[in-house]
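**Q** can you look at this prediction? I've put the sequence above it.
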Amino acid sequence: MQAIDALTTRYSARTLLEPAPDAGALQLIFESAVRAPDHGRLRPWRFIVVRGAARARFGELLAQHLRRTNPTANDEALKRERAKALRAPLIIVVAARCSRDVKIPLIEQQLSAGAAAHAMMLAAFALGFNAMWKTGGAAYDDVLKQALDLDAGDAIVGFVYIGTEATRPAIRAARPWADLVSYWGETT
């Protein structure tokens, strides 16, 4: 697949199944991620792979977060929260290890991690897989960050779910973009 094809046809998956990317594909996905723009060459990215039985443990972390933030959550809500970890055979937690000791603003460190997440999704798509990017309240939870060996000051920019699509939808029409663009300083 040509790069421009991946850029202009990528879409977020709905249902992801096995197989997940193998070791070779995962290496290419990470090699793509670390080519993200990186002001100051800080390499702020951290990638935490969650697969296999670890997904159920990750689902339990999500349920514990819900229980802490919503003590009235019933068993059904907690079950749905646990099931989020099973939406794909592979989850990559994408985080920015935020350094406050440098002149690079924190937002730029976080944006770099976001660019890395997008590069991962494009690479997965180009390799014949697909992905979805999720966050939610758990991404901002210090207890969950600690469980993933991140610091409270680090930023989880997304949970990237990767796998093989159950069914590929019909080709979607191109998204309109012209109304999002202006040309500053030009007269017509």
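**A** Right, received. Where do you want to start?

**Q** who's Thr164 bridged to?
**A** Leu17 (DSSP bridges).

**Q** show the pLDDT at it.
**A** On pLDDT, Thr164 comes in at 97.

**Q** kindly report the same for Thr188.
**A** 64.

**Q** same check on Tyr183?
**A** Value listed for Tyr183 in the pLDDT field: 90.

**Q** kindly report the same for Asp5.
**A** pLDDT, Asp5: 87.

**Q** phi and psi next, for it.
**A** phi -70, psi -40 (degrees, to the nearest 10).

**Q** got it, and Arg80?
**A** phi -60, psi -40.

**Q** could you pull out the strands for the chain?
**A** 16-17, 45-51, 90-96, 130-134, 155-165 (DSSP state E).

**Q** of those strands, which stretch is the most buried?
**A** strand 90-96 (a mean of 25; mean count of other Cβ atoms under 10 Å). In short, each C-beta sits where N, CA and C put it, glycine included.

**Q** picking up where we left off before, out of the strands of the chain, nearest to Leu7?
**A** strand 130-134 (14.3 Å; Cβ to Cβ).

**Q** report all helices and strands that that closest one contacts.
**A** strand 16-17, helix 106-126, strand 155-165 (3 or more Cβ pairs under 8 Å, 6 or more residues apart in numbering; DSSP states H and E).

**Q** paired strands for it, with orientation please.
**A** With DSSP bridges as the test, strand 130-134 is paired with strand 155-165 (antiparallel).

**Q** contact partners of the least confident helix or strand in the chain by mean pLDDT?
**A** Sorted by mean pLDDT, DSSP states H and E, the helices and strands of the chain end with helix 3-9, the least confident at a mean of 88. For helix 3-9, the surrounding residues in contact (Cβ atoms under 8 Å, 6 or more residues apart in numbering) are Leu122, Phe125, Ala126, Ile171, Ala174.

**Q** only the buried residues of it, if you could.
**A** Ala6 (16 or more other Cβ atoms under 10 Å).
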